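**Student:** quick check, what structure comes out for this input:
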Amino acid sequence: MRKRALGKGGLEVSAIGLGCMGMSFSYAHTPDPADMIPVLRGAVERGVTFFDTAEVYGPYTNERLVGEALEPFKGRVVIATKFGFRLRPEDEGTGTAAGSFDGGLDSRPETVRRAVEGSLGRLRVEAIDLLYQHRVDPAVPIEDVAGCVGELIRAGKVKHWGLSWAGADTIRRAHAVTPLAALQSEYSIWSRQAEREILPTLEELGIGFVPFSPLGKGYLTGAIDATTPIDKTDFRAILPRFTEDARKSNQAIVDLLRRIAGQKHATPAQIALAWLLAQRPWIVPIPGSTKLARIEENIGAAALNLSATDVAEITAAAAAIPIEGARYPDHIEKTTGL
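**Tutor:** Sure thing, here's the model as predicted:
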């Protein structure tokens, strides 16, 4: 698979990464970790070099899974993890998608240093390839966070750093203290808020962009429709965009992707990912999956070349489709873009 650069510090990763959260967290049915190890290793064998996790996923269990699975590939893969939520050692493996985030935010320097030590052990690495602040903590100046991570970089415990869900002003302030390699935020053909301020800011500063949920939490693949049951323990059950009525109304965006996919001998997921890749050469989406077949399908998007005309037509057609339902409930949405 082709590689892409994130930031100006020499961080290079596969054009499509793998979001690992769903392998041990967030969805109704959590797979057996023993079944996920061959999936992670199979992704490497198929060209994926970029893997995303976080201490809050589980909590802690997803980092342990990724660390065990990818230990044989040290030096060949890039692992990104995140800090920023208030967690306790005894919380390990107890969290649901909602519950694990309920302890509040904590990006105090002493917490960041402790989180890094824990992640290093669970990931079985000597240095974290890419460390994100998971959410902006309004109680801690971003300059203090950036300074702390800068010290960790100089100490050799972190190689590159980034932010998640941060706003343009915060990005600028953090970057001025310790240069950022990447921002991770939601971006897809049906969630395009990042285009207003975030993309221009990243382009100006030379920061890479790592979109999570590039397939709309599975909806843009066409595998989910209004009749698909969503278990109450699935985090999508709380999302306004995933009510039955919203899924029925939003079928038009999937129909668009299906139509384009038919013309290109591709799948809706591949068109959605190829559209993202075509937006900027420094965008690296991280679709999640627990199945190798889906990972192979997603990887195929990197070889799918959309012309400028294709991209413009898809963009215009998608913009004409009204999307029903907010992407998050208000209490979650207000934590974004800080």
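
**Student:** what bits of this structure have low per-residue confidence?
**Tutor:** When residues are selected by pLDDT under 70, those of the chain lie in 28, 95-102.

**Student:** tell me which stretches of it form strands.
**Tutor:** Per DSSP state E, the chain carries strands over the ranges 3-6, 11-14, 18-19, 50-52, 78-83, 128-133, 158-164, 182-186, 208-212.

**Student:** which one of those strands lies nearest to V39?
**Tutor:** V39 lies closest to strand 18-19 among these, at 9.0 Å (CB to CB). In short, each C-beta sits where N, CA and C put it, glycine included.

**Student:** can you tell me how far D137 is from W165?
**Tutor:** 12 Å (CB to CB, to the nearest Å).

**Student:** equivalent analysis for A302, please.
**Tutor:** 25 Å.

**Student:** show me the beta-bridge partners of the residue positioned nearest the centre of the chain.
**Tutor:** By CA atoms, centre = their mean, the chain has its centre lying nearest to F212, at 3.0 Å. F212 forms beta bridges with E186, as assigned by DSSP bridges.

**Student:** in stretch 298-310, which residues are buried?
**Tutor:** 298-302, 304, 306, 310 (16 or more other CB atoms under 10 Å).

**Student:** same question, stretch 31-38
**Tutor:** Buried positions in stretch 31-38, judged by neighbour count with 16+ other CB under 10 Å: 36-37.

**Student:** quick check: closest non-adjacent residue to I189.
**Tutor:** A318 (5.1 Å; CB to CB, 6 or more residues apart in numbering).

**Student:** ok, the one you found - how many residues close by?
**Tutor:** A count of nearby residues for A318, using other CB atoms under 10 Å, gives 20.

**Student:** you'd agree it is up against S188?
**Tutor:** No - counting by CB atoms under 8 Å, A318 does not reach S188; the two are 9.9 Å apart.

**Student:** so for Y328, which of the strands of the chain sits nearest?
**Tutor:** Short answer: strand 182-186, nearest of the strands of the chain by CB to CB, at 8.8 Å.

**Student:** what is the closest one packed up against?
**Tutor:** When contacts are defined as 3 or more CB pairs under 8 Å, 6 or more residues apart in numbering; DSSP states H and E, strand 182-186 packs onto strand 128-133, strand 158-164, helix 198-205, strand 208-212.

**Student:** same list (those) but as CSV, adding distance to P33.
**Tutor:** What follows is the helices and strands packed on strand 182-186, written out as CSV (distance: least, CB to CB, whole Å):
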stretch, distance to P33
strand 128-133, 21
strand 158-164, 24
helix 198-205, 34
strand 208-212, 22
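
**Student:** quick one: closest of the ones you listed to G337.
**Tutor:** Using CB to CB, the helices and strands packed on strand 182-186 put helix 198-205 closest to G337, at 8.3 Å.

**Student:** buried ones in the closest one?
**Tutor:** Neighbour counts over helix 198-205 (16+ other CB under 10 Å) mark 198-199, 201-202, 205 as buried.

**Student:** which parts of the stretch 51-200 of the chain are helices?
**Tutor:** Counting by DSSP state H, counting those that start in this stretch, the stretch 51-200 of the chain has helices at residues 61-70, 109-123, 142-154, 168-177, 198-205.

**Student:** tell me which of those helices is the most buried.
**Tutor:** helix 61-70 (a mean of 23; mean count of other CB atoms under 10 Å).

**Student:** what sits up against that one?
**Tutor:** Applying CB atoms under 8 Å, 6 or more residues apart in numbering, the external contacts of helix 61-70 come out as 20-21, 23-25, 33, 36-37, 40-41, 44, 51, 53-55, 57-58, 77, 79, 81, 92-93, 119, 122-125.

**Student:** still on that earlier bit, got the contact list for the residue nearest to the centre of the chain?
**Tutor:** So F212 contacts 19, 52, 184-186, 285-286 (CB under 8 Å, 6+ apart).

**Student:** about what we covered before: could you dump the helices of the stretch 51-200 of the chain to JSON lines with distance to N250?
**Tutor:** Shown next, in JSON lines, are the helices of the stretch 51-200 of the chain (distance: least, CB to CB, whole Å):
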{"stretch": "helix 61-70", "distance to N250": "29"}
{"stretch": "helix 109-123", "distance to N250": "36"}
{"stretch": "helix 142-154", "distance to N250": "35"}
{"stretch": "helix 168-177", "distance to N250": "28"}
{"stretch": "helix 198-205", "distance to N250": "23"}
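
**Student:** what's the closest of these to K8?
**Tutor:** Checked against CB to CB, the stretch from these lying closest is helix 198-205, at 9.0 Å.

**Student:** report the distance from that closest one to the chain centre.
**Tutor:** 18 Å (CA atoms, centre = their mean, to the nearest Å).
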